[in-house]
Structure formats: structure tokens, C-alpha cells
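1. Below is the sequence, then the predicted model.
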Amino acid sequence: MGGRVLSVCPHDCPSACSLVVTLDGGRIVDVSGNPEHPYTQGVICGKVHDYAERVYSPMRVRTPLRRIGEKGKGQFEPITWAAAVEEIAHRFHRIIAQWGGEAILPFSYGGTLGLLQFYAGHPFFHALGASQLDRTICVSTAYAGWRATVGMVGGNDSEQMVHSDLIILWGINAAYTHINLMTFVKRSREKGAYVVAIDPYRTPTAKQADEHLMVRPGTDAALALGLMHVLIAEGLVDQAYVARATLGYAELAEHVKAYPPDRVAQITGLPGEQIAALARRYGRTRASYIRVGIGLSRHDNGGMTCRTLACLPALTGAYAHPGGGALLSSSGSFPLNYHALERPDLMPRPVPRVINMIHLGRALTDPTLRPPIRALYVYNSNPASVCPNQGLVLKGLEREDLFTVVHEQMLTDTTDYADIVLPATTSMEHVDLYKSYGHLYLQLAEPVIRPEGEARSNWDVIRLLAWAMGVKDPHFEKSEAALIREVLASDHPALEGITYERLKAEGSVRLGVGRPYMPFADGAPTPSGKVELYSERLAAQGFPPLPTYTPLQEGPESAELFCRFPLQLIVPPNRFFLNSSFSQSELLRKRQKAPVVFLNPEDAAARGIVGGEPVKVWNDRGAAQFVATLTDDTRPGVAVVEGIWWRKFQPGGRGVNVLTSDRVADLGGGPAFHSNLVEISRA
Ligand SMILES: Nc1nc2c(c(=O)[nH]1)N[C@H]1C(S)=C(S)[C@@H](COP(=O)(O)OP(=O)(O)OC[C@H]3O[C@@H](n4cnc5c(=O)[nH]c(N)nc54)[C@H](O)[C@@H]3O)O[C@H]1N2
Ligand SMILES: Nc1nc2c(c(=O)[nH]1)N[C@H]1C(S)=C(S)[C@@H](COP(=O)(O)OP(=O)(O)OC[C@H]3O[C@@H](n4cnc5c(=O)[nH]c(N)nc54)[C@H](O)[C@@H]3O)O[C@H]1N2
Ligand SMILES: [Mo]
């Protein structure tokens with residue numbers, strides 16, 4: 001194989017880039033962005049540009065492995081696929097016989113967003129009667145909040161931003177986490193658009209904006225209510241849109257009287273004039289586009305915050321303007337046949353219990369859990385690094401009576417605890433179908449190289465295991481092409497004419513949703529058919545029916561805790577890793593330099609901390625070591641740790657998630673990764 005071929009970036013990122021892969025002698029020599037793709041436009045991130053380094057990494061798992069050392073040490077001997085599959089089937093059978101299917105827990109998330117590989121395990125573990133995993137770690141809270149207002153996980157197309165006069169990047173560090181969005185932001189700004197970033201620290205995205213609001217963490221709902229207060233008080237509301245497309249305006253107008261800018265200033269730490277000025281600017285601009293990141297949802301009050309933000313474009317009518325509106329994620333705009341992938345019908349009745357993935361540590365260590373978890377099957381995820389409350393997760397993974405299988409591309413923090421490690425293919429070595437949570441294109445990528453070593457795809461391995469365990473359903477005999485055809489056959493008009501053959505020929509096809517795409521121009525798919533400023537559904541679940549600001553459970557208002565741990569810590573992504581993926585790369589670790597904590601010079605001085613020296617960051621959950629970087633890019637009282645370094649590359653062997661809590665946020669069961677109180681001292 002030689003020449004240039006198309007592929008798709010599989011990583012958990014809204015860009016879902018179209019890639020051009022250059023091959024020489026059957027090996028990848030270069031990866032670049034596809035210049036022909038309307039969203040990628042030839043731009044990709046540094047991580048994926050060096051993808052050959054990942055595919056051929058010395059950290060890759062190339063054969064099945066069996067543990068020969070202590071759990072956590074990562075010492076293995078190679079074994080054959082036949083031996084590995086036989087051992088897994090044997091252990092699973094024994095566990096099911098003694099404890100029942102629920103004693104097995106599959107654990108997976110976003111290693112690849114390719115739909116076949118993402119959902120590969122669902123039908124198999126359903127058929128075994130295994131515990132169900134609630135996959136909440138990323139978007140559940142944000143999506144639950146967004147849906148409460150507009151009924152679906154979607155919004156105006158980001159490509160339309162080129163027609164915007166005002167862009168608000170709210171809790172999204174797109175310069176790191178979604179660089180292709182910045183292509184449209186920059187183009188719009190060149191045409192005169194005013195760009196605002198709202199983030200607790202001055203991110204690279206904030207540095208490219210015209211204005212930055214350095215909001216206190218977890219107070220965005222108050223900020224949005226303050227904006228609404230001014231919009232309504234000063235008559236900047238689009239009454240025609242409100243009348244035709246919303247529900248509950250009168251109640252909302254009464255409710256936001258309690259949020260004048262001076263009160264909101266005290267809550268958010270922003271000047272009242274800045275709040276009022278932004279409200280006026282927003283109120284006078286119909287072509288105003290709000291791009292909401294998932295970041296601000298990772299708080300105790302994050303669901304309600306996302307719900308509140310989704311109300312703003314309904315007050316100004318921006319949802320109905322081609323350059324206006326808002327977007328949190330485009331995921332719900334893809335009307336695929338997910339049933340064919342998930343196969344919930346294969347579950348026994350009554351259906352097995354559900355375990356929230358952010359409670360992995362609790363589930364593995366809870367002595368009262370019946371049946372206990374006796375087997376853990378991990379794929380597409382690195383829970384030892386990415387889960388909150390790392391201390392408890394590692395304690396669970398250390399259990400001698402837990403049989404752990406990890407299907408992985410790399411020798412991660414989690415494989416260190418495995419009894420059996422299975423080698424996984426990369427997206428360059430298997431076929432898959434990709435949607436996106438940032439744009440509206442469906443893409444297909446076929447393998448461009450042969451699998452490294454003995455690597456197999458998730459779909460292949462699950463079929464092997466199903467066969468070995470005698471799980472007989474026609475699902476496990478389907479070819480990948482047959483499954484992709486089924487997934488596309490949902491009979492939804494947005495998928496009309498999008499076939500497997502067409503995707504094979506064109507690589508990428510835009511959903512048939514029209515342009516401009518304004519799903520809430522005249523209402524929204526909520527129970528009332530309107531954008532719900534007032535939500536009966538939330539009220540019925542015991543939540544406030546109107547958008548509401550509630551202080552953080554773990555924040556400055558937590559008096560006792562705040563005395564001992566007076567710094568708020570947020571833990572957003574860094575530039576060169578993707579969650580914990582790419583931490584294996586020596587090249588990218590060098591670019592990322594070290595696990596670092598950003599600290600305001602005032603906070604550092606109060607603790608005698610000098611920039612560049614190692615510091616200990618701790619709270620009641622644990623402690624980890626970072627290098628202090630002193631900067632007024634963050635405000636006094638707020639510390640920032642970007643990215644997830646594998647614990648084995650972090651001095652002291654503990655990563656950032658030893659500090660984060662497994663507390664569940666207000667809606668959707670997701671984590672409050674950014675609601676942490678800590679103290680910092682010289683190491
Ligand atoms: N380079 C890189 N890219 C990535 C990832 C990565 O790890 N590295 N991760 C990928 C994944 S899985 C996801 S889900 C997306 C996430 O990408 P985004 O949607 O951008 O969300 P986050 O990066 O979690 O957070 C974005 C910003 O929210 C800010 N933030 C935290 N708390 C608050 C708050 O209370 N209010 C406000 N206004 N802002 C707050 C953080 O400081 C951060 O700058 O990115 C994807 N892309
Ligand atoms: N402190 C802190 N913690 C966080 C976050 C944060 O911002 N800060 N972000 C959170 C978010 S948004 C998310 S989405 C989660 C992400 O958590 P995870 O989904 O666990 O993400 P990754 O760390 O990227 O780990 C994915 C693993 O899957 C493997 N993999 C990739 N492709 C395949 C495949 O085809 N088959 C198999 N078997 N394996 C594959 C990769 O090698 C990698 O080790 O982390 C969360 N944790
Ligand atoms: Mo995520």
C-alpha cells in the first residue's frame with residue numbers, strides 16, 4: 001500500500017476530522033487534515049498530525065498478555081489469542097454460575113467514537129445479563145440540562161457562525177478542544193464579529209477573543225439570569241419569537257427580577273457594568289451565536305447551568321436567525337438506528353441493575369453490593385486515569401478477587417491492573433462509521449494499514465467471545481458492512497440518500513437537514529413543542545421549573561470545607577493529550593512539559609510558593625504533585641490543572657483525579673469534575 005488515502009479521526013472530540021493519510025510500503029508516514037472537507041478545511045491538531053507515532057508506539061499492546069506480577073505493576077507474559085479467549089470464557093462462566101450475570105461489569109467510553117467499535121460490547125454484555133453501565137462521565141449532565149429547555153441535543157450549525165455579528169464562547173476552550181471551531185470564529189471576526197469568551201481562566205481561546213469574562217467557577221447560571229434581567233428590563237426581547245416559540249415567558253420575567261447586575265456581580269466576581277454591557281450587546285444583536293462547551297456542566301449545578309444558557313437565544317429570537325442561535329452539541333441531530341447497535345432487547349427481564357460509571361471505585365469496593373462485581377471488562381477507556389476519586393478506583397482495581405480484562409491499544413494505567421490484556425486495533429486498522437458532536441457530517445473510514453501485531457477490533461473480539469461463550473444470536477454473525485447498512489436505515493428524512501455505498505465513495509456526507517440549519521426557529525421538540533423557559537417536566541422530577549442558580553456543593557459557600565481548603569480547583573483538558581489518550585507519547589509529553597498547576601501570584605505568595613517548583617495539591621480525597629506555574633491568567637482563589645497525565649508519569653504515582661469527587665451533579669448523573677476545593681503547599 002502506498003499513496004494518499006482518506007480516514008477519519010476517531011477521538012472523542014467535536015471536530016471528527018477528515019484525514020489524509022500518506023502511506024509508504026504499507027506504513028503510515030504522514031497524517032494531515034483533508035483540505036476538501038467543509039468542516040476540517042485542512043486543519044488538524046498536533047496530536048493527530050503525529051499519528052504515526054501513536055500507531056507504531058513502543059507502548060502499543062501487540063499480543064494478548066497474562067499478568068505475572070502484582071496488580072498495578074504491569075508485568076505480563078505474552079499468550080495466544082486462543083488461550084486468552086478460553087481463559088476469559090472460563091472465568092466468566094464460573095462467575096455467572098456462582099454470582100449471576102450482574103457480577104460482570106463492562107466498562108467503556110470514548111477511546112473511539114466510531115459507532116461500531118463504541119457499541120461493540122453492548123449486545124454481548126446485554127446477552128450475558130451483565131450489570132449495565134450508565135455512561136455519564138462526559139455529557140450526561142450537560143445534555144439533560146439542554147434537553148430540558150429545547151427537547152433535543154442539537155442547535156444551530158456552527159458553520160453559520162460566519163454570518164454572526166456576536167459570538168460567545170461560553171465554557172469552551174476551543175483553541176485546545178475543538179480547533180476547527182476556531183476556523184469559523186476567526187473568519188467571522190475578520191468580517192467584524194465581536195467575540196466574547198466566558199471562562200474562569202484566561203485560556204488560549206479567551207486570548208483570541210475581544211473580551212473575556214473571568215467568571216467564578218460554577219456561577220454561570222447566575223450570569224445568564226443577570227443577562228436575562230437586563231434584556232427584559234430594557235425591552236431587548238423579541239416578543240414575536242417569544243410568543244410563537246416559547247413557553248413560560250411571564251413566569252421567567254418575574255423570576256429574573258431577583259438578578260440585577262449588581263447582585264450577579266457579587267455572585268460571579270465580574271463587574272456589574274461588564275454584565276450589563278454584555279446584556280445590551282446581546283440584546284441588540286440578532287446574529288448572535290453562543291457556543292456552549294461541556295466545561296461549565298462539570299459542576300454540581302452544571303445541568304441547570306446548561307438549561308439556563310439555552311434560554312438566552314429564545315429571548316432575543318436568535319434561534320431563528322441564520323447567523324444566530326446556540327449549540328452545545330450536534331450529537332442529537334444524527335437520527336441513526338441506534339437500536340441495531342445497542343440491542344437492549346437481548347437483555348434478560350427484569351433488566352440487570354445499572355451502575356453509574358463515575359461510581360466505579362464505589363462499585364468495586366462496596367462490601368454491601370449484591371452480587372459483588374467479580375469481573376471487569378474494560379475497552380475504549382482508561383478508568384484508572386480518567387475516573388473521579390482515583391484513590392478509590394485504584395483500591396478497587398487492586399482487589400485480588402476481581403478478574404479484570406482490558407482491551408487496549410496502549411499499556412495504560414488501567415492495563416497495569418489487568419489479569420488479561422487484549423491488543424486493540426486503531427482506527428487506521430479497522431472500519432467504522434462516525435457521526436460528530438460538533439458538525440453535521442456522517443463519515444466512513446476503512447482500514448488503511450494492516451493491524452499491528454495481533455491487534456483485533458472491538459467488534460472482532462466481541463464476536464470471538466460470543467462464540468466462545470455460546471451466545472448465539474444472529475447479531476454476532478453480521479459483517480461490519482451489514483451492520484453499517486442497518487444503522488443508516490432509520491427511515492429518517494435527514495438520512496435519505498445516505499447509503500453505505502455513497503459513504504464508501506465520498507467518505508463524508510452532510511445530513512439532509514438543509515441550510516441554514518435552525519432547529520428551534522419556530523419551537524422545539526419538548527413536550528409543549530416550545531422552547532421551555534418554564535418546564536413542567538423538571539418540576540415533576542422535583543427540580544425548579546424555571547432556570548435557577550444554586551451555589552456549588554463544594555465551593556466557597558461550603559463554610560467548613562472552605563476554611564480548610566480555600567482554593568477552587570478546575571481540571572479542564574490540555575492541548576497535547578485527549579483526556580488520558582496520548583499520555584503514552586514521549587513526544588507529546590515533552591511538548592506538554594510536565595503536570596502543572598496554574599496559580600495566581602497572590603495565592604502563591606501567601607503560601608511561599610515560587611514558580612517552577614514542585615507543589616503538593618491536596619484535599620480529603622488525596623494528594624498529587626504538580627509543578628507550580630504562577631500566572632494572572634487565573635484569578636486569586638482559583639487553581640487550574642490542565643489535562644490527565646497517566647499516574648505512572650506523574651511524580652508520586654497519583655494523577656489529578658485523586659483530587660476530584662465522584663459526587664453526582666444535579667441532572668443526568670454526570671460528575672462535578674470542576675467543583676473541587678483544595679489546598680496547595682510546597683512539596
Ligand atoms: N486537546 C484536547 N481536546 C479535547 C479533549 C482533550 O482532553 N484535549 N477532550 C475532548 C473531550 S472528551 C471533550 S468532552 C471536549 C471538551 O471540551 P469543552 O467543551 O471545551 O469542555 P472542557 O474542555 O471540559 O471545558 C472547557 C472550558 O470550561 C471551563 N470551565 C470550567 N468551569 C467553568 C465554569 O464554571 N464556567 C465557565 N464559563 N467555564 C468553565 C474550563 O476552564 C475550560 O476552559 O473536548 C474534546 N477535545
Ligand atoms: N481530571 C479530568 N478528568 C476527566 C476529564 C477532564 O477534563 N479532567 N474529562 C472527562 C471526559 S470529558 C471524558 S470523555 C473522559 C474520557 O475518558 P476515556 O473515554 O477513558 O478517554 P481516554 O483517556 O481517551 O481513554 C480511552 C482509551 O481507549 C483506548 N482506545 C482507543 N481506541 C480504542 C479501540 O478501538 N478499542 C479499544 N479497546 N480501546 C481503544 C485508548 O488507547 C485509550 O487508552 O474522561 C473524563 N475525565
Ligand atoms: Mo468528554
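-> Everything's here; your move. The structure presented is a predicted model; accordingly, all values stated were derived computationally and were not measured. Ligands and ions are numbered 1, 2, ... in the order given.
2. Smallest gap between this structure and ligand 1, at which residue?
-> Ligand 1 sits closest to residue 295 of the chain, with a gap of 2.1 Å, by C-beta to the nearest ligand atom. Every C-beta, even on glycine, is put in place using the N, C-alpha and C of the backbone.
3. Do I have it right that that residue meets residue 572?
-> Yes: in this structure, residue 295 is within contact of residue 572 by C-beta atoms under 8 Å, at 5.8 Å.
4. what is in contact with these two at once?
-> Here residue 295 and residue 572 share the contacting residues 173, 674, scored by C-beta atoms under 8 Å, 6 or more residues apart in numbering.
5. And the residue of the chain closest to ligand 1, how far from residue 139?
-> According to C-beta to C-beta, to the nearest Å, residue 295 and residue 139 sit 11 Å apart.
6. In three-state terms, label residue 615 for me.
-> What DSSP: H, G, I helix; E, B strand; the rest coil gives for residue 615 is strand.
7. May I have the beta-bridge partners of it?
-> In this structure, residue 615 has beta-bridge partners residue 626, residue 682, where bridges are defined by DSSP bridges.
8. just residue 132 next, same as before
-> For residue 132, the beta-bridge partners under DSSP bridges are residue 354.
9. gap between it and residue 350?
-> Distance check for residue 132 against residue 350: by C-beta to C-beta, it reads 12 Å.
10. go on, residue 569?
-> 41 Å.
11. Around ligand 2, which positions in the stretch 1-150 of the chain sit nearby?
-> Taking C-beta under 6 Å from any ligand atom as the test, the list of the stretch 1-150 of the chain residues beside ligand 2 reads 12, 109-112, 117, 137-138.
12. And the pLDDT for the closest residue in space to residue 403 that isn't next to it in sequence?
-> Spatially, and ignoring its direct neighbours in sequence, residue 403 is nearest to residue 375 (4.5 Å; C-beta to C-beta, 6 or more residues apart in numbering). Model confidence at residue 375, expressed as pLDDT, equals 99.
13. what are the phi and psi angles of residue 375?
-> When quoted as degrees, to the nearest 10, the phi and psi of residue 375 stand at phi -140, psi 140.
14. Tell me the secondary structure at residue 105.
-> With three-state DSSP as the basis, the three-state label of residue 105 is strand.
15. residues contacting it?
-> Contacts were defined as C-beta under 8 Å, 6+ apart; by that measure residue 105 touches 130-131, 133, 355, 363, 373, 375-377.
16. Could I get the phi/psi values of residue 33?
-> Backbone geometry at residue 33, expressed as degrees, to the nearest 10, gives phi -80, psi 140.
17. Can you tell me which residues in the stretch 551-683 of the chain are near ligand 1?
-> Residues of the stretch 551-683 of the chain lying close to ligand 1 (C-beta under 6 Å from any ligand atom) are 570, 572-573, 575, 577-579, 674.
18. how about the residues of the protein that lie near ligand 2?
-> Applying C-beta under 6 Å from any ligand atom, one finds that the chain approaches ligand 2 through 12, 109-112, 117, 137-138, 379-382, 386, 407-410, 412, 424, 458, 571-573, 578-581, 644, 656-657, 660, 673.
19. where's residue 618, which helix or strand?
-> Element membership for residue 618 (DSSP states H and E) is strand 614-619.
20. Any chance you could list what contacts stretch 581-591?
-> Stretch 581-591 is contacted from outside by 11, 46-47, 50, 53-54, 57, 59, 111, 382, 385, 410-412, 575-577, 644-646, 649, using C-beta under 8 Å, 6+ apart.
21. need the longest helix for this protein.
-> When secondary structure is assigned using DSSP state H, the longest helix within the chain turns out to be helix 81-99.
22. What are the buried residues along stretch 238-253?
-> 238, 241-242, 245-249, 252-253 (16 or more other C-beta atoms under 10 Å).
23. Let me have those residues in TSV, extended by secondary structure.
-> Compiled in TSV, these are given as follows (three-state DSSP):
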residue	secondary structure
238	coil
241	helix
242	helix
245	helix
246	strand
247	strand
248	coil
249	helix
252	helix
253	helix
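24. neighbours of whatever residue of the stretch 201-350 of the chain ends up closest to ligand 2, just the number please.
-> Per C-beta to the nearest ligand atom, the residue of the stretch 201-350 of the chain with the smallest distance to ligand 2 is residue 294, at 6.3 Å. Neighbour count of residue 294, defined by other C-beta atoms under 10 Å: 24.
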